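**Q** quick one, fold the following:
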Amino acid sequence: MTDLTKIPVTVITGFLGAGKTTLIRHLMRNPQGKRLAILVNEFGTVGVDGDILKSCADENCPVENIVELANGCICCTVADDFIPTIEALMAMPIRPDHILIETSGLALPKPLLKAFDWPAIRSRITVDGVIALADAEAVAAGRFAPDVEAVEAQRATDPSLDHETPLSEVFEDQILCADLILLSKADLAGEAGLATARDIIAAEMNRPVPMLSMTEGVIDPRVILGLNAAAEDDLAARPSHHDGADDHEHDDFDSVVINLPEVADPEALTAAITRLANEQKILRVKGHVAVAGKPLRLLVQAVGSRVRMQFDKPWGSAPRRSQLVVIAEHDDIDEAAIRKVLGA
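**A** Down below sits the predicted model:
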């Protein structure tokens, strides 16, 4: 790669828990001979996804090539965080061949694309493509919004009403910006669920966009890398609910960090997280916990009431600290109630 060659960037967006980190781990294991760099943008002050990816670092994507930006949407902190980070990656002794950006689950991708027009980087970098992940089972069930039926019922009784929930706006902005849509968790959705998800997404699209299904993030990397979309030059074809606005806000969502003692019974923790999802409309729970008598840390990933846990690596010299990030819509965050349910 010469100094005049633009470095391609793939923006990977998608709603909370759609499988973005799992997909990137798959790309790290199958880089197609490319030296990768990864920028992870998380919602909340505690980074979990970046830590997961760093544990998978190798010669094709060393630890120093994995950068984490937490507690701030990169499209809202362009000058302070995003541009300097991209410049630092491009200034590395061995430049990456391809940069992957994992946005937070609450991010709107179009403002990020606009950042690629900044003078400091626009001649040195290009958006190879925007990949939007959609949880096929959740989309088929209408769970990309808190209560789709209630919203639709309200709209039906008031023809003048044109308000949509923040969750549906985020979802629509993500898929409308995409060059490729991946329907994740195809095994859970089944053929009928996949067909329904495709129909729902197609009804929102303003242009034909390929939709492919995948399970556990496994898909041919050649499908993801090398789209040559130059998405930063194609903004007009990617409408957003926020077009015309000077900026966009994330005040619709909030997060709290919960510190827990050692967990004696992971099944009890699973039940508590499920209760939070059902009773308090919690969208996402993620983090690591220490389990009594176990030398490995337990990775917790929950989307709504679907909870997944696995022991990922030894604590080593790191402190045995149980810490969970809980994300919900702003009005649904009740920190005291969350702490009570989790036993914090």
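
**Q** isn't residue 339 right next to residue 260, touching?
**A** No - judged on CB atoms under 8 Å, residue 339 makes no contact with residue 260 at a distance of 9.2 Å. Quick note: C-beta positions are derived from backbone N, CA and C, even for glycine.

**Q** when the two are compared, which one has more neighbours?
**A** residue 260 (18 against 15; other CB atoms under 10 Å).

**Q** what pairs with that one across the strands?
**A** residue 322 (DSSP bridges).

**Q** now do the SS call for residue 192.
**A** Here residue 192 is helix, with the state taken from DSSP: H, G, I helix; E, B strand; the rest coil.

**Q** residue contacts, it?
**A** residue 140 (CB atoms under 8 Å, 6 or more residues apart in numbering).

**Q** what do you get for residue 105?
**A** Neighbouring residues of residue 105 by CB under 8 Å, 6+ apart: 14-18, 20, 43, 284, 327.

**Q** between the residues you listed, which is closest to residue 82?
**A** Among the contacts of residue 105, residue 43 lies closest to residue 82 (CB to CB), at 15.3 Å.

**Q** for the helix or strand harbouring residue 199, C-alpha coordinates in PDB please.
**A** Here residue 199 sits within helix 186-204, counting by DSSP states H and E. Output of helix 186-204 as PDB, limited to C-alpha atoms (Å, rounded to 0.1, in the frame of the first residue of the first chain):
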ATOM      1  CA  ALA A 186     -30.700 -16.900  11.700                       C
ATOM      2  CA  ASP A 187     -30.700 -20.200  13.700                       C
ATOM      3  CA  LEU A 188     -33.000 -18.600  16.300                       C
ATOM      4  CA  ALA A 189     -35.300 -17.000  13.700                       C
ATOM      5  CA  GLY A 190     -35.800 -20.000  11.500                       C
ATOM      6  CA  GLU A 191     -36.900 -19.800   7.900                       C
ATOM      7  CA  ALA A 192     -40.200 -18.200   8.700                       C
ATOM      8  CA  GLY A 193     -38.700 -15.600  10.900                       C
ATOM      9  CA  LEU A 194     -36.000 -14.700   8.300                       C
ATOM     10  CA  ALA A 195     -38.700 -14.300   5.700                       C
ATOM     11  CA  THR A 196     -40.700 -12.000   8.000                       C
ATOM     12  CA  ALA A 197     -37.600 -10.000   8.900                       C
ATOM     13  CA  ARG A 198     -36.700  -9.500   5.300                       C
ATOM     14  CA  ASP A 199     -40.200  -8.300   4.500                       C
ATOM     15  CA  ILE A 200     -40.200  -5.800   7.400                       C
ATOM     16  CA  ILE A 201     -36.800  -4.400   6.500                       C
ATOM     17  CA  ALA A 202     -37.600  -4.200   2.700                       C
ATOM     18  CA  ALA A 203     -40.700  -2.200   3.500                       C
ATOM     19  CA  GLU A 204     -38.500   0.500   5.100                       C
END
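
**Q** in that helix, what's buried?
**A** Under the neighbour-count criterion of 16 or more other CB atoms under 10 Å, helix 186-204 has 186, 189, 193-194, 196-198, 200-201 buried.

**Q** and the strands in the stretch 151-300 of the chain, which stretches?
**A** Using DSSP state E, counting those that start in this stretch, the strands of the stretch 151-300 of the chain run over 180-184, 211-213, 253-260, 284-290, 296-303.

**Q** who does the shortest one pair up with?
**A** Right, the one you point to is strand 211-213. Strand pairing for strand 211-213, determined by DSSP bridges: strand 180-184 (parallel).

**Q** partner residues bridging residue 215?
**A** Beta-bridge pairing of residue 215 under DSSP bridges involves residue 218.

**Q** tell me who's in contact with it.
**A** Taking CB under 8 Å, 6+ apart, we find residue 215 in contact with 184-187.

**Q** what's the single longest strand in the chain?
**A** For the chain, the strand with the greatest residue count under DSSP state E is strand 125-135.

**Q** domain map for the protein?
**A** Domain assignment of the chain by automatic domain parsing yields the ranges 7-237, 253-342.

**Q** okay, the spatially most central residue of the chain and residue 317: tell me how far apart.
**A** The chain has residue 105 as the residue nearest its centroid, 3.8 Å off, counting by CA atoms, centre = their mean. Residue 105 sits 31 Å away from residue 317, going by CB to CB, to the nearest Å.

**Q** one more: residue 130?
**A** As judged by CB to CB, residue 130 and residue 317 stand 39 Å apart.

**Q** I'm done for today, thanks for sticking with me.
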